[in-house]
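# Provide a 3D model corresponding to the input given below.
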Amino acid sequence: MEKISINEIKKNFAYWAKLVEQGEAIQITKYNRPYLQLTQIAESGLHCGKRFGKTSLKTRLKRATKGHYLSVLSEDRGDG
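Numbers count the residues shown, from 1 in each chain. Sure thing, here's the model as predicted:
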């Protein structure tokens with residue numbers, strides 16, 4: 001595990017982030033004492049299947065909401 005000062009991480013964050021991405025754990029020190037630890041996230045928890053982003057939204061309650069919620073969802077997804 002690498003030990004670096006908080007000032008060093010401020011100066012070269014991209015470099016240290018790349019090391020963490022490759023699996024290295026980094027301990028950040030403040031005033032020569034352990035302060036934070038950077039590690040890679042084990043698993044994102046988000047599963048994206050084959051059909052991710054390929055479906056379309058269809059309204060079920062058009063009369064009740066006049067389809068407004070559907071346009072909001074489509075806009076949020078970047079479809080419209």
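
# strands of the chain, residue ranges please.
2-5, 26-30, 33-38 (DSSP state E).

# just list whatever residues bridge to Glu2.
Judged by DSSP bridges, the bridge partners of Glu2 are Ile26.

# check contacts around Val20.
Ile26, Leu38, Thr39, Gln40 (CB atoms under 8 Å, 6 or more residues apart in numbering). (Glycine included, C-beta is placed from N, CA and C.)

# and the pLDDT for the closest residue to the second one other than its chain neighbours?
Read it as Leu38. Nearest in space to Leu38, with sequence neighbours left out and distances taken as CB to CB, 6 or more residues apart in numbering, is Ile26 at 4.4 Å. The pLDDT attached to Ile26 in the predicted structure is 94.

# tell me who's in contact with Ile26.
Met1, Glu2, Lys3, Ile4, Ile9, Trp16, Leu19, Val20, Gln37, Leu38, Thr39.

# please consider this matter closed, and thank you.
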